[in-house]
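Asker: pasting the sequence and the predicted model now:
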Amino acid sequence: MGLSESKPEPPQPQPESKPAPPQPKPEFNEPWRTIDWNQRDVLKKQLEEFTPSNEDVKYIKILVAGEIAAGKSSFINSVNNVFQQRITSIAIANSAGQGYSFTKKLKGFHIKSGQNVLPYVFTDIMGLEPKAERGSLPEDIINAVFGHVKDGYKFHESEPIAQGKEHYISDPNLSDQAFCLVYVVHADTISFTDQKLIDKLKIIRHRISDRGIPQVIVMTKIDEACPLVKKDLRKVYHSKKIKEKMQTCSDLIGVPMCNIFPVKNYHEEMDTNPDIDVLILKALEQIVYNANDRTVSSSY
Ligand SMILES: Nc1nc2c(ncn2[C@@H]2O[C@H](COP(=O)(O)OP(=O)(O)OP(=O)(O)O)[C@@H](O)[C@H]2O)c(=O)[nH]1
Ligand SMILES: [Mg+2]
């Protein structure tokens, strides 16, 4: 008898298959924050014409801090790109995550619209790292915000700047100080961020809040964090994932949601794009208005 002639197996009882539960929708039906995607030119003009309320302040200095490779230098470039309407690289961004901070020195960058210098200076610094003696030190960032650190200062990972050192400003004037601190946070890694890094951010937040310096979070790489947003940037306030990430940022760092702005930096584009511009301008608008309030507050 050949194999093909063997008796067929009796049918086995099949386990009852339940229909899979419906997947929750990744997006809200209505955006939870309203945004006018056609306001690029209006916002841009407002920020080009802006002058600080305090006549003694010529430039609003904004310090950009955050974890290594979070997109700090790219954010500064992105702000400049919006006003230049082309891709620029005033602050050199890193090509990919190298495990150390590419930016090593403190440097201020003037934002320009064509040939006009706008009243904004962004200070780029070395990135923070979770390990104790790696990356920029909270004490250096606090000193930089208070205006004690000159441009060109090379960060040391084991020793903060101190009185008497070459780049230390003992008696900073108004233009040396930062009027807003921007934390740049990578949207995709915020949930896994090491507690030691959060602790460093909290030390900074505590010290500078004591002196009334406003803080804004710019949440970068939203394209990497949410496929919906990668496909269409206008889905940013529809995306449940992006809202969750913003909430995590708020809970971990302590900055309220109203001061958290999701952006996609220019990082691989050849030309500027109105939707990218609108998100960058909305973040800048809030940074500038917060910083301006600080320029007129009485206690420095
Ligand atoms: N997809 C995507 N990539 C980004 C975005 N922003 C920055 N990048 C990329 O992230 C990498 C790091 O960006 P940088 O701007 O150098 O980051 P940084 O915070 O200045 O880094 P350090 O100076 O090394 O601390 C680069 O490869 C950028 O091209 C973004 O919004 N989306
Ligand atoms: Mg950098």
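Answerer: Perfect, thanks for sending it. Values in this document were obtained by computation on a predicted structure and should not be read as measured data. Ligands and ions are numbered 1, 2, ... in the order given.

Asker: A helix includes residue 78, no?
Answerer: Yes. Residue 78 forms part of a helix when assessed by DSSP: H, G, I helix; E, B strand; the rest coil.

Asker: list the contacts of it.
Answerer: Counting by C-beta atoms under 8 Å, 6 or more residues apart in numbering, residue 78 touches 263, 265-266, 276, 280. All C-beta spots, glycine's among them, are computed from the backbone N, C-alpha and C.

Asker: same thing with residue 102?
Answerer: With C-beta under 8 Å, 6+ apart, residue 102 has these contacts: 68-69, 73, 92-94, 127.

Asker: contact residues of the stretch 1-150 of the chain facing ligand 1?
Answerer: Proximity of the stretch 1-150 of the chain to ligand 1 (C-beta under 6 Å from any ligand atom) is limited to residues 68-74, 93-96, 101-103, 127.

Asker: scan these and report the most crowded one.
Answerer: Greatest neighbour count in those, by other C-beta atoms under 10 Å, goes to residue 72: 33 neighbours.

Asker: need the max-distance pair from the contacts of residue 102.
Answerer: By the measure C-beta to C-beta, 68 and 92 form the most distant pair in the contacts of residue 102, at 14.2 Å.

Asker: just the helices in this structure please.
Answerer: With DSSP state H as the criterion, the chain has helices at 40-49, 72-84, 138-145, 195-210, 222-225, 227-231, 240-253, 274-296.

Asker: where among the ones you listed is the average confidence lowest?
Answerer: With a mean of 91, helix 195-210 has the lowest mean pLDDT of these.

Asker: how about that helix, does it get close to ligand 1?
Answerer: No. Shown here: helix 195-210 not in contact with ligand 1 (C-beta under 6 Å from any ligand atom), separated by at least 12.4 Å.

Asker: tell me what that helix is packed against?
Answerer: For helix 195-210, the packing partners by 3 or more C-beta pairs under 8 Å, 6 or more residues apart in numbering; DSSP states H and E come out as helix 138-145, strand 180-186, strand 215-220, helix 240-253.

Asker: need these in TSV (columns: mean neighbour count).
Answerer: Shown next, in TSV, are the helices and strands packed on helix 195-210 (neighbours: other C-beta atoms under 10 Å):
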stretch	mean neighbour count
helix 138-145	22
strand 180-186	26
strand 215-220	26
helix 240-253	18
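
Asker: how near is whichever residue of the chain sits closest to ligand 1 to residue 191?
Answerer: Here the chain gets closest to ligand 1 at one residue, residue 127, 2.7 Å apart by C-beta to the nearest ligand atom. Separation of residue 127 from residue 191 (C-beta to C-beta, to the nearest Å) stands at 19 Å.

Asker: residue 287 now?
Answerer: According to C-beta to C-beta, residue 287 stands 24 Å off from residue 191.

Asker: quick one, which of the two is more surrounded?
Answerer: It is residue 287, of residue 287 and residue 191, that has more neighbours when counted by other C-beta under 10 Å, with 26 against 12.

Asker: where does the prediction get shaky in the stretch 1-150 of the chain?
Answerer: For the stretch 1-150 of the chain, residues meeting the criterion pLDDT under 70 lie at 1-8, 13-15, 96-98.

Asker: quick one: contacts of the longest strand along the chain?
Answerer: Among the segments of the chain that qualify as a strand by DSSP state E, the longest is strand 116-124. Applying C-beta under 8 Å, 6+ apart, the external contacts of strand 116-124 come out as 47-48, 50-52, 58-64, 72-73, 76, 79, 83, 91, 103, 106-112, 144, 178, 284, 288.

Asker: now a ChimeraX select for only the buried ones of those residues.
Answerer: Of the contacts of strand 116-124, the buried ones can be selected in ChimeraX as follows, counting by 16 or more other C-beta atoms under 10 Å:
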select :47,50,52,59,60,61,62,63,64,72,73,76,79,83,91,103,106,107,108,109,111,144,178,284,288
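
Asker: out of the contacts of strand 116-124, which touch ligand 2?
Answerer: Near ligand 2, judged by C-beta under 5 Å from the ion, the entries from the contacts of strand 116-124 are 72-73, 103.

Asker: let's have the residues you listed in TSV, adding distance to residue 225.
Answerer: Converted to TSV, these look like this (distance: C-beta to C-beta, whole Å):
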residue	distance to residue 225
72	17
73	19
103	23
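
Asker: between those, which sits nearest residue 271?
Answerer: Top of the list for closeness to residue 271, among these and by C-beta to C-beta, is residue 73 at 19.9 Å.
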